[in-house]
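**Q** My questions are about this predicted structure, shown below with the sequence.
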Amino acid sequence: MIQIFHNPRCSKSRQGLQILEALNLDFEVVKYLDNPPSEKELAHIIKLLNISPIQLVRKGEAIWKENYKGKDLSDSEIISAMSQFPKLIERPIVMTNGKAIIGRPPEQIKELF
């Protein structure tokens, strides 16, 4: 099953959703701000993306700047921060068949299909 981690207020996330709709694919929309992923789920997503946890962080967010910027954080601390404050998670993320991609730019989503 295809999943998209989606924030309806984000233009890039909305564009990612439109790409999936245009490809006429069946997918599940995960509104991760309403239903934040657990630390275990985030660790799994990071593994699928084949990146380090810091690469999934939206470093421009006020929460990051005020609480975490400049600190020497472990991977588990970064994952914990994203789980606690899901707004820090880069978006959109599309996952399918054991693969995942961050839709930045949204056109990258097509690389999964």
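**A** Arrived safely, thanks for sending. Worth saying up front: this structure is predicted, and the values here are computed from it rather than measured.

**Q** and after whichever helix or strand residue 76 is part of, which helix or strand comes next?
**A** Taking DSSP states H and E as the criterion, residue 76 maps to helix 75-84. Downstream of helix 75-84, the first helix or strand assigned by DSSP H and E is strand 93-96.

**Q** Could you pull out the buried residues of whichever helix or strand comes after that next one?
**A** Using DSSP H and E, the next helix or strand after strand 93-96 towards the C-terminus is strand 99-102. For strand 99-102, burial by neighbour count (16 or more other C-beta atoms under 10 Å) applies to 100-102. Heads up, the C-betas are built off the backbone N, CA and C, glycines and all.

**Q** what's the answer for stretch 53-65, then?
**A** Buried residues in stretch 53-65, defined by neighbour count with 16+ other C-beta under 10 Å: 53, 56-57, 61, 64.

**Q** closest to residue 72 among those?
**A** residue 53 (13.5 Å; C-beta to C-beta).
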